[in-house]
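Undergrad: Based on what follows, work out the 3D shape:
(6 chains)
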Protein chains: 6
Amino acid sequence: MTRVDGRQKNELRPINITTNFIKHPEGSVLISVGDTKVICTASVEDRVPPFMRGQGKGWITAEYSMLPRATEQRTMRESTKGKVTGRTMEIQRLIGRALRTVVDLSKIGERTIWIDCDVIQADGGTRTASITGAYVAMVLALHNLVKQNKLKELPVNNYLAATSVGIIAEHGEVLDLNYIEDSSAEVDMNVVMNDSFEMVEVQGTGEEATFNRGQLNALLDLAEEGILQLIECQKEALGEIVNLIGPKGGNKG
Amino acid sequence: MTRVDGRQKNELRPINITTNFIKHPEGSVLISVGDTKVICTASVEDRVPPFMRGQGKGWITAEYSMLPRATEQRTMRESTKGKVTGRTMEIQRLIGRALRTVVDLSKIGERTIWIDCDVIQADGGTRTASITGAYVAMVLALHNLVKQNKLKELPVNNYLAATSVGIIAEHGEVLDLNYIEDSSAEVDMNVVMNDSFEMVEVQGTGEEATFNRGQLNALLDLAEEGILQLIECQKEALGEIVNLIGPKGGNKG
Amino acid sequence: MTRVDGRQKNELRPINITTNFIKHPEGSVLISVGDTKVICTASVEDRVPPFMRGQGKGWITAEYSMLPRATEQRTMRESTKGKVTGRTMEIQRLIGRALRTVVDLSKIGERTIWIDCDVIQADGGTRTASITGAYVAMVLALHNLVKQNKLKELPVNNYLAATSVGIIAEHGEVLDLNYIEDSSAEVDMNVVMNDSFEMVEVQGTGEEATFNRGQLNALLDLAEEGILQLIECQKEALGEIVNLIGPKGGNKG
Amino acid sequence: MTRVDGRQKNELRPINITTNFIKHPEGSVLISVGDTKVICTASVEDRVPPFMRGQGKGWITAEYSMLPRATEQRTMRESTKGKVTGRTMEIQRLIGRALRTVVDLSKIGERTIWIDCDVIQADGGTRTASITGAYVAMVLALHNLVKQNKLKELPVNNYLAATSVGIIAEHGEVLDLNYIEDSSAEVDMNVVMNDSFEMVEVQGTGEEATFNRGQLNALLDLAEEGILQLIECQKEALGEIVNLIGPKGGNKG
Amino acid sequence: MTRVDGRQKNELRPINITTNFIKHPEGSVLISVGDTKVICTASVEDRVPPFMRGQGKGWITAEYSMLPRATEQRTMRESTKGKVTGRTMEIQRLIGRALRTVVDLSKIGERTIWIDCDVIQADGGTRTASITGAYVAMVLALHNLVKQNKLKELPVNNYLAATSVGIIAEHGEVLDLNYIEDSSAEVDMNVVMNDSFEMVEVQGTGEEATFNRGQLNALLDLAEEGILQLIECQKEALGEIVNLIGPKGGNKG
Amino acid sequence: MTRVDGRQKNELRPINITTNFIKHPEGSVLISVGDTKVICTASVEDRVPPFMRGQGKGWITAEYSMLPRATEQRTMRESTKGKVTGRTMEIQRLIGRALRTVVDLSKIGERTIWIDCDVIQADGGTRTASITGAYVAMVLALHNLVKQNKLKELPVNNYLAATSVGIIAEHGEVLDLNYIEDSSAEVDMNVVMNDSFEMVEVQGTGEEATFNRGQLNALLDLAEEGILQLIECQKEALGEIVNLIGPKGGNKG
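TA: This next block holds a predicted model:
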């Protein structure tokens, strides 16, 4: 029995990463994961937030938003509501935290990398697509600092990508849920991993359901499969910069 | 002496209108005017705001925003600030007011057309590009209501487009200012016109400068030239729907 | 056929400007334009906003508000709503921008002139009455700086006044619309001009209607007539200070 | 030794109450108490707040504000700050509570009387001047309901006025403090009383000081003197309406 | 006729003060006044608010809140509403003002004492219980500064406690109203006094009723009785610190 | 090598659950996990939020807050800031989601159970202590509905508790981190489980670190140990109610 869009249980949707999609930012991509499309930009600011000042280290922070009509039904703008929802805050904290695990913050000086993920079309998995795309935008921005001789080497130690996995009544464990699947999933899990299959974030949630250790392991196996492919797409998008990624600037590509 | 980007004084930047750019909305376009790029969507809601209820008429309202890195320097999100700026409010009121002049609101039932203009890349003229693009998105959404037999005919009486004109020290009156020109302009004027060269909005502002009646007329002549071409681009984007636009559904194309 | 209040099409309502209406501010007036009454004050602050610092120049900014019962129906306070409406923001930006065109900001030092326009009774034309009254309050405040030897000369190059004009179905083009006329006008235009009949702001809006070039010219002719008279009222209110207004402090009165 | 403005310890500043100062409200006054000037309006709304609905009774509520330049130094608008200060909230709660004690709310139907007190010039005692003036505006608005046959009789049982008293180092207990006196007072007390010398509100505050029972009694004696005179001014302003005030509509004037 | 809970008219509810109830603050208590329970903490911050800087003096400020279910019906959190109510602001201003009258602010250096009163269970008199408890928490915090040799002596000149008194139809004047009594009281008065029976705050309010001078005196007599007992409870809670309280550090215990 | 407070790696801190800690709520507890203390209340409201109306089902939602001085340093109130932080939102969404997995919402009618978790003293693990305590408060509230015959049986299918586990450099995987441990942990994981060792939420986060599958399994083993003991404490606190918990009201105790 195939999934609603004909995919296998361990099959990602088509991935597309267009680099330099927007003119002004130091790094930018348009990432598509199936019908989910996110503009990710990375902006360099030559100072850090107050709690980081004077430590000689940098900071990476993220903001996430959806266009009002990225969704099936129009969603009210958060600027109109006058406040950011809990869901948005969770997502932007997650993106920032994840990206900080692969960058050597002590090597970027007192700079902030602002990540902006703006979902222009949503079909499930917007937060994981944001992380996967934001990684590329961030590397491009940092590479620009290297090209301008503001950094000696690219301070990025690993690749990093994210995907969702979940349990659906009629299919069991599946990889990369689209919106219809996500809405009916009993268990939903977001996994952020690096290229050594080390986890930097696992968020598994039973939606009025639960999951046992065996199911957890099956979900993580699927996530590893997906993340391997996502990292391949990132490498393709980054081209020669791939040679600069890895601990001590060594070639891990 | 040519302009900073080599254009003639009466020359528009390249215009491109991609229809159905986003999957979910009833109408959507990506419009580019030079390097200014705006996603315009039109969403249909089956009710009207409280002050309109029970009159059997519809309403058109607009929201406008910029992605944080649409601009040269990153701009803080209005959702983060917790409030919408005066500039944004001025622009969204302008867009809604302008579009309402070409639609017969008594023929769309108690529905609201929500226009969302999200600037993904900014290089001057974002409000006028928004109006020109939003017009097309709105017509597409209304045409969808016709196709679904929710409306008997397309209740759009005219074309409508907008452009900016201004006075620059070294060039005098020019058409369609980009960001660099706009920053140094002495007089800046936004003009919204329909296809009969009737004005629906003229907003001329001296920036620590003034303008006389002769200059005003020269600016309006330039605006007419530009709007004629913008309406041609709209017609091309709309294809056969053009035959449905005009008073009483007659062919004005 | 005469207008609702018996006026000719080119006739202003009675104008009254009381100077020094409030005790504390450096400059203040109560202006009445018919039944529209606005308290305008000008306050001097010995610093400029952050974006102006260190340039040796001054700044002029304006705030506008209505008492809740200035209007026919009580309006909720913006402080109670917790936010300023788009209409208010548009108006206060307009007032500040207009006044800045007639003052030589490089001659007032790093000072801010805060203009406050508080409408205590509204009957149409509150924004144009605010500009006309605020001009006088501002000149009084600047003149106080001259009297205190904080400024060498009065850095005001021109007179500046504003009025509304519009098109009403039964009358055609008319000058200085009151609230009833404004509510039914097809086209509404606010014009801010100096004493050389140079425009500093023209905002013409079709309210579900449009206007052509001929109508625009007729409206501007009416505006010129009105502004000439408004400037005469300003001169009368300012008394001997009139001799200090004009480029290089010359006598333009 | 006389007070800073030459008054005796038990002497009020000059009082002036101009009725119908603003055109639109059902009741309005401009009250001056020395240099303190407040526009008080009373507006009738034909419904009550949610917590009062269905009880067949009315409600009286008040809002208070200062123009930015009512004060010696310009004060930031609460609408700009986006919130109402604690001081403002205290005052508007006090005004509403006080006025409700003299009106028979069960006789005004499900209506709300909105009181707006807007201080246009401040020199101490703005809250007590607001209450004294608001009382007159409220009576005028209720009397209008009687004249329109919406109420059978004037549902006002008593007069009500307010004043401040305080203890100043060099003078001891004094009546009706102006701003300079208020700033240096050790004890500050606001008293709201009706025409039977019954208190409806007593708020005495030691400002880094205290007061004993004897001082409290001396202060209340002064307050009684002042309130007697304030009620005389209210009666003069109300003219013949005075005959309608009192329990059961009897003549208490 | 006894009161609803069997008390005499001049009888306080049972008082209990547990010191050091919370681990982290410099001073903390849990105070119970009958079923009203408040956690009061005092925190020391080594700076003062901007308006106090550079004067070599300290400041005391207070915040007050209720847990959502301290009350019979759940109350919405002020953080959820996004704003603090007028009632809360009144109370926190009152607490801070009262405590400042008994501390020699010139002897605590440029420090702020933050008082937090969080009502965990409410049964009337929460603001007066807060003051009585906060006094003890504040003394504990200041005593900690003495023990750490940051202050030479305890800069507390007096005891300070607060209670409510009121007039109830069936009982006349009563001391320490619980919630049921408070809801039906005609007159409600909060009194803050020091151990010399000097008042620092008297707030008497007629709730759609009034009170005369005789009633006021009877209420103050009751308040004195109550406050005497409350100060005894404070002394018991403070133990040996009692010997350090009084002008010039003398023994007033 | 023992942990900072002398515990074994798989040892919980002392747990204490006091039921009916607050008088008004339908269910309440004070839970202590070491020095972390949280007041958890459960309130029953006889309606559901708009998005749930008309489905005949109930809803459970949670709010979480800390007293300002629950922490080592005083934290500014969210009501003062005017907004709820992202951290708070994450936690309250987690609590609500977790509790909903063990209650049969179709059996509680159109009612909302409001959970309030107010941390009065914080020493790490406040969100997991909140869940463990809130479960007991919620069962007490639902049991009250059974006792009042508003529900036929207790609609609670499972026990539910939560704990934190983490990886610390010098100790490896440990159970139930206190604040000092949490601050230095490389990996931090919150686990919510029911009494069948089924997970309802797993949130593992590398803090500038990562974790592999083996470490994940070791952490989950520790969590299972802790949760088993926490559920024993819940059973003890619930007493005889234990006999009513389980699918179909069967005895699972």
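Undergrad: Within range of chain E, give me the residues from chain A.
TA: Within chain A, the positions lying close to chain E (C-beta under 8 Å from any C-beta of the partner chain) are A:Gly82, A:Lys83. Any C-beta I mention is one placed from the backbone N, CA and C, and that applies to glycine too.
Undergrad: Quick check: residues of chain A near chain B?
TA: A:22-25, A:28, A:35, A:39, A:41, A:43, A:45, A:63, A:65, A:67-72, A:74, A:77-84, A:88, A:114, A:116, A:118, A:120-121, A:123.
Undergrad: Parallel or antiparallel, list what pairs with the one helix or strand A:Thr18 maps to.
TA: Using DSSP states H and E, A:Thr18 sits within strand A:15-19. Strand A:15-19 has its sheet partners listed here by DSSP bridges as strand A:27-33 (antiparallel).
Undergrad: Could you pull out the buried residues of the partner strand?
TA: A:Gly27, A:Ser28, A:Val29, A:Leu30, A:Ile31, A:Ser32, A:Val33 (16 or more other C-beta atoms under 10 Å in any protein chain shown).
Undergrad: Who are the contact partners of the first one?
TA: Contact partners of A:Gly27, counting by C-beta atoms under 8 Å, 6 or more residues apart in numbering or on different chains, are A:Thr41, A:Ala42, A:Val136, A:Ala137, A:Met138, A:Val139, A:Leu140, A:Ala141, A:Leu142, A:His143, A:Asn144.
Undergrad: Just those residues: which are in helices?
TA: A:Val136, A:Ala137, A:Met138, A:Val139, A:Leu140, A:Ala141, A:Leu142, A:His143, A:Asn144 (DSSP state H).
Undergrad: ok, which stretches of the stretch 151-253 of chain A are helices?
TA: Along the stretch 151-253 of chain A, the segments classed as helices by DSSP state H, counting those that start in this stretch run A:179-184, A:213-238.
Undergrad: check whether the shortest one contacts chain F.
TA: No - in this structure, helix A:179-184 remains apart from chain F according to C-beta under 8 Å from any C-beta; the gap is never smaller than 14.2 Å.
Undergrad: Outside of that helix itself, which residues are in contact with it?
TA: Residues contacting helix A:179-184 (C-beta under 8 Å, 6+ apart): A:3-4, A:72, A:122-125, A:164, A:166, A:168-169, A:174, A:188.
Undergrad: Quickly list what A:Ala62 is bridged to.
TA: Applying DSSP bridges, one finds that A:Ala62 bridges with A:Ile115.
Undergrad: So what's the residue count around it?
TA: A:Ala62 has 25 neighbours, counted by other C-beta atoms under 10 Å in any protein chain shown.
Undergrad: Contact partners for it?
TA: For A:Ala62, the contact set (C-beta under 8 Å, 6+ apart) comprises A:Gln92, A:Arg93, A:Ile95, A:Gly96, A:Leu99, A:Trp114, A:Ile115, A:Asp116, A:Cys117, A:Ser130, A:Ala134.
Undergrad: Quickly find the element holding the fourth one.
TA: Spelled out, that is A:Gly96. helix A:86-100.
Undergrad: can I get the CA coordinates of that helix in CSV?
TA: Taking C-alpha atoms only, helix A:86-100 is exported to CSV below (Å, rounded to 0.1, in the frame of the first residue of the first chain):
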residue,chain,number,x,y,z
GLY,A,86,4.3,29.8,20.7
ARG,A,87,4.7,27.6,17.7
THR,A,88,6.8,30.2,15.9
MET,A,89,9.0,30.7,19.0
GLU,A,90,9.6,27.0,19.4
ILE,A,91,10.7,26.7,15.8
GLN,A,92,13.0,29.7,15.8
ARG,A,93,14.7,28.5,19.0
LEU,A,94,15.1,25.1,17.4
ILE,A,95,16.7,26.4,14.2
GLY,A,96,19.2,28.6,16.0
ARG,A,97,20.2,25.9,18.6
ALA,A,98,20.7,23.4,15.8
LEU,A,99,22.9,25.6,13.6
ARG,A,100,25.1,26.6,16.6
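Undergrad: what about A:Met199, distance to chain E?
TA: For A:Met199, the distance to chain E equals 33 Å [C-beta to the nearest C-beta, to the nearest Å].
Undergrad: count of residues packed around that residue?
TA: 24.
Undergrad: who's it bridged to?
TA: With DSSP bridges as the rule, A:Met199 is bridged to A:Met193, F:Phe211.
Undergrad: per-residue pLDDT, it?
TA: On pLDDT, A:Met199 comes in at 96.
Undergrad: now it: how far from A:Asn10?
TA: Applying C-beta to C-beta, to the nearest Å, the value for A:Met199 to A:Asn10 is 18 Å.
Undergrad: Minimum distance to chain B, which residue of the stretch 151-253 of chain A gives it?
TA: With C-beta to the nearest C-beta as the measure, A:Tyr179 is the residue of the stretch 151-253 of chain A nearest to chain B, at 10.4 Å.
Undergrad: Quick one, grab the pLDDT at that residue.
TA: Note on A:Tyr179: pLDDT of 96.
Undergrad: Quick check: pLDDT value at whatever residue of the stretch 51-200 of chain A ends up closest to chain E.
TA: Going by C-beta to the nearest C-beta, chain E is nearest to A:Lys83 of the stretch 51-200 of chain A, at 7.2 Å. A:Lys83 is assigned 79 on the pLDDT scale.
Undergrad: Report how many residues lie close to the closest residue to A:Ser196 other than its chain neighbours.
TA: Spatial nearest neighbour of A:Ser196, chain neighbours left out: A:Asn158 (6.8 Å); criterion: C-beta to C-beta, 6 or more residues apart in numbering or on different chains. Using other C-beta under 10 Å, A:Asn158 has 20 neighbouring residues.
Undergrad: check contacts around A:Asn158.
TA: A:Thr101, A:Val102, A:Asn194, A:Asp195, A:Ser196, A:Ile245, A:Gly246, A:Lys252.
Undergrad: what does the stretch 51-200 of chain A have sitting close to chain C?
TA: Residues of the stretch 51-200 of chain A lying near chain C (C-beta under 8 Å from any C-beta): A:Gly82.
Undergrad: And for the residue nearest the centre of chain A, nearest residue in space, chain neighbours not counted?
TA: The centroid of chain A falls nearest to A:Ile131 when counting by C-alpha atoms, centre = their mean (0.8 Å). In space, A:Ile131 comes closest to A:Ala162 once its chain neighbours are excluded; the distance is 3.9 Å by C-beta to C-beta, 6+ apart.
Undergrad: ok, that neighbour to A:Asn190 distance?
TA: The gap separating A:Ala162 from A:Asn190 is 6 Å, by C-beta to C-beta.
Undergrad: quick one, which of these two is more surrounded?
TA: Between A:Ala162 and A:Asn190, counting by other C-beta under 10 Å, A:Ala162 is the more crowded of the two (27 against 23).
Undergrad: Hmm, that one is touching A:Arg127, no?
TA: Yes - A:Ala162 lies in contact with A:Arg127 (C-beta atoms under 8 Å); the separation is 7.4 Å.
Undergrad: anything in contact with each of the two?
TA: A:Asn190.
Undergrad: Out of the helices and strands in chain A, which is least certain?
TA: None of the helices or strands of chain A scores lower by mean pLDDT, DSSP states H and E than helix A:78-81, at a mean of 84.
Undergrad: coming back round to it: name the member of the ones in helices among the contacts of A:Gly27 with the most neighbours.
TA: Neighbour counts for these (other C-beta under 10 Å) peak at A:Ala137, which has 33 neighbours.
Undergrad: thinking again about what came up before, out of the contacts of A:Asn158, which are buried?
TA: Buried members of the contacts of A:Asn158, counted by 16+ other C-beta under 10 Å: A:Thr101, A:Val102, A:Asn194, A:Asp195, A:Ile245, A:Gly246, A:Lys252.
Undergrad: Could I get the contacting residues of whichever residue of the stretch 1-150 of chain A sits closest to chain C?
TA: Per C-beta to the nearest C-beta, A:Gly82 is where the stretch 1-150 of chain A lies closest to chain C, at 7.3 Å. Shown in contact with A:Gly82 (C-beta under 8 Å, 6+ apart): B:Gly82, B:Lys83, C:Lys83, E:Gly82.
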